[in-house]
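*Asks:* My questions concern the predicted model and sequence given below.
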Amino acid sequence: MIDLTSIKDIITLEEALDSSKKEVIGRYRTYINPGLASILSMVGYDKKFTKAHGVNVFDSEGNKYLDFLGGYGSMNLGHNHPEIIEALNKIADFPNILQISMSSVAGALGETLANITPGNLKKTFFCNSGAEATEAALKLSRISTGRKAILYAENSFHGKTLGAVSVTGRKKYQEPFFPLVPECFSIAYGDVDVLEKELKTKKYAAFIVEPIQGEGGIIVPPNGYLKDAEKLCKDNGTLFIADEVQTGLGRTGNLFATQYERVEPDIMILSKSLGGGVMPIGACISTEEVWSKGYGSRDRCLLHTSTFGGNARACAAGLKTIEILIREDLATNARIKGESLLKSLKEVAEKYQLVKEIRGRGLLIGAEFYEPKIVKGLSKEYLAGMVSGILNQQYHIITAYTLNNPNVIRFEPPLIVTDEHIDYVADSFEGVCKKYKGFSGIALNVSKRMIKKHMGFKKLK
Ligand code: PLP
């Protein structure tokens, strides 16, 4: 018999939902990640959010926020879309995880993905996140081509698992984990000549690339780059992996960002919004040819698997997401609203010294700030985070900086935003630029907040 009296304490779901803001922060500091808890507190995200619908999130004090971060691209439909919740209810009695069967829902999502993705993409491997989809794509490339090397772009972001971080172009994320997966090499993003030189060595199994670099700071490559890259890959026997984890499913104003250049990838990876903002899901979709060379026999078909991959609820959310995206043509809304936000933010940038550039496509927009001179006690890593903190505290707008370039704030709202939302965000952004003018003003605001918080933390102990 297990001695149940030795278990100190368990917290029920009901108690968890009832916990105070102080308890939540305390638990994050003690049991989850104290560094993260401190950063979130610094920029005013130590609130207890309790409700979310569409573009809005609400805290326990009844305050309403506009979500222009959109779960780093997971919220294309907005929070808790009623049709996604209804879809999940519809299959409440369905066996969610029964690997020893063929799920009608997973099969249907596989066919739907083959129908909506560009070119000859056909076979889907389901997993649970973007990084897992990257892993699946890298392994499939190696086994399918018999080559080992992988080419990726500097400043890229493909995830943080060991394989994915080996092709994620930021030293900060790679170096602490050396040695990484061998034979992964990086080149400058957007440079066709250097790409051609590398591919001509004919050693690469795959070139993995984002059609627009998201975490890299919303970097749109030069026109024609993706099409040229596709051709160079084909000419040199290298597979073209399009990472549409963040850009896919309407985000940039087309269903997929590669469609702007009519690129037909050999492999495409998706995740984030495929789960309708509710379920975790990832997908690695490849052509029949690539798939069958890799796993197309009974002997090889189980070389890469995932326990939860293809579970019915995630796939039901995926099917419903695609149905809504297409029925409501949310990609077009992203294009129209994105153009309007881009224009308004550019007008603000021209007026104030703080903003270096506004760029992006559809509703994937970045605002880059001038790099600050050294300010005592504050890392330049967090300038955009500080602006984001002010937007949160003073205007109740949720945003965040991009992971590889902390000088860039992203505006990445659900694709259902209205003109009113866009105008409010542009006006608020102007409000911040006007009030604080330079980095020192912003730093001062955050320093004050940090001191206050520090005193608050002491009280918490
Ligand atoms: N690929 C891209 C383009 C991403 O933006 C991300 C995450 O931001 C990933 C892959 C990794 O996804 P995940 O965080 O679900 O592992």
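*Replies:* Nice, thanks for sending it over. Numbering: from 1, shown residues only.

*Asks:* and stretch 299-313, what's its mean pLDDT?
*Replies:* In this model, stretch 299-313 has a mean pLDDT of 97.

*Asks:* Just the strands from the stretch 1-150 of the chain, written as ranges.
*Replies:* 49-53, 56-59, 64-67, 121-127, 149-153 (DSSP state E, counting those that start in this stretch).

*Asks:* Make a markdown table out of the ones you listed and add mean pLDDT and mean neighbour count.
*Replies:* C-beta coordinates here come from the backbone N, C-alpha and C atoms, glycine included. Shown next, in a markdown table, are those (pLDDT from 0 to 100; neighbours: other C-beta atoms under 10 Å):
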| stretch | mean pLDDT | mean neighbour count |
| --- | --- | --- |
| strand 49-53 | 96 | 14 |
| strand 56-59 | 97 | 17 |
| strand 64-67 | 98 | 18 |
| strand 121-127 | 98 | 24 |
| strand 149-153 | 98 | 25 |
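
*Asks:* Switch those strands over to TSV; also include distance to E264.
*Replies:* Shown next, in TSV, are the strands of the stretch 1-150 of the chain (distance: least, C-beta to C-beta, whole Å):
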stretch	distance to E264
strand 49-53	37
strand 56-59	38
strand 64-67	34
strand 121-127	8
strand 149-153	19
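
*Asks:* Could you point out which of the ones you listed sits nearest the ligand?
*Replies:* Of all the strands of the stretch 1-150 of the chain, it is strand 121-127 that lies closest to the ligand, at 9.6 Å by C-beta to the nearest ligand atom.

*Asks:* Taking the protein, what residue is nearest to the ligand?
*Replies:* For the chain and the ligand, the shortest gap (C-beta to the nearest ligand atom) falls at G130, measuring 2.1 Å.

*Asks:* what about that residue, how many residues close to it?
*Replies:* Close neighbours of G130, defined as other C-beta atoms under 10 Å, add up to 29.

*Asks:* Could you double-check that it lies in contact with S273?
*Replies:* No - counting by C-beta atoms under 8 Å, G130 does not reach S273; the two are 10.8 Å apart.

*Asks:* Return the set of buried residues in the helix or strand where A316 lies.
*Replies:* Using DSSP states H and E, A316 sits within helix 312-327. By neighbour count on 16 or more other C-beta atoms under 10 Å, the buried set for helix 312-327 is 312-322, 324-325.

*Asks:* Counting by contacts, list what the helix or strand immediately after it in the chain packs against.
*Replies:* Per DSSP H and E, the first helix or strand lying C-terminal to helix 312-327 is helix 330-351. Applying 3 or more C-beta pairs under 8 Å, 6 or more residues apart in numbering; DSSP states H and E, we find helix 330-351 packed against strand 355-361, strand 364-369, helix 419-436.

*Asks:* Which strands or helices does the second one pack on?
*Replies:* Pointing back at strand 364-369 there. Applying 3+ C-beta pairs under 8 Å, 6+ apart, one finds that strand 364-369 makes contact with helix 330-351, strand 355-361, helix 383-395, strand 408-411.

*Asks:* swap in the last one?
*Replies:* On a contact count with 3+ C-beta pairs under 8 Å, 6+ apart, helix 419-436 meets strand 64-67, helix 330-351, helix 383-395, strand 397-398, helix 439-460.

*Asks:* mind listing what E135 touches?
*Replies:* 127, 159, 161, 163-164 (C-beta atoms under 8 Å, 6 or more residues apart in numbering).

*Asks:* Quick one: mean pLDDT for stretch 322-331?
*Replies:* Stretch 322-331 carries an average pLDDT of 98.

*Asks:* With stretch 412-426 instead?
*Replies:* 98.

*Asks:* Can I get it as PDB, trimmed to CA atoms?
*Replies:* Provided in PDB are the C-alpha atoms of stretch 412-426 (Å, rounded to 0.1, in the frame of the first residue of the first chain):
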ATOM      1  CA  GLU A 412       0.100  39.900 -34.500                       C
ATOM      2  CA  PRO A 413      -3.600  40.100 -33.500                       C
ATOM      3  CA  PRO A 414      -6.300  37.500 -34.300                       C
ATOM      4  CA  LEU A 415      -7.300  37.900 -38.000                       C
ATOM      5  CA  ILE A 416     -10.800  39.000 -36.900                       C
ATOM      6  CA  VAL A 417      -9.700  42.500 -35.800                       C
ATOM      7  CA  THR A 418     -11.800  45.400 -36.800                       C
ATOM      8  CA  ASP A 419     -10.900  48.900 -38.000                       C
ATOM      9  CA  GLU A 420     -11.700  50.200 -34.600                       C
ATOM     10  CA  HIS A 421      -9.100  47.900 -33.000                       C
ATOM     11  CA  ILE A 422      -6.500  49.000 -35.600                       C
ATOM     12  CA  ASP A 423      -7.100  52.700 -35.000                       C
ATOM     13  CA  TYR A 424      -7.000  52.300 -31.200                       C
ATOM     14  CA  VAL A 425      -3.600  50.400 -31.400                       C
ATOM     15  CA  ALA A 426      -2.100  53.000 -33.800                       C
END
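
*Asks:* For ChimeraX, write the selection for the buried entries among the contacts of E135.
*Replies:* Buried residues among the contacts of E135 (16+ other C-beta under 10 Å), as a ChimeraX selection:
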select :127,159,163,164
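
*Asks:* Give me the subset of the contacts of E135 lying in strands.
*Replies:* Applying DSSP state E to the contacts of E135, the entries found in strands are C127.

*Asks:* among the contacts of E135, which are in reach of the ligand?
*Replies:* Subset of the contacts of E135 in contact with the ligand: G159, counting by C-beta under 6 Å from any ligand atom.
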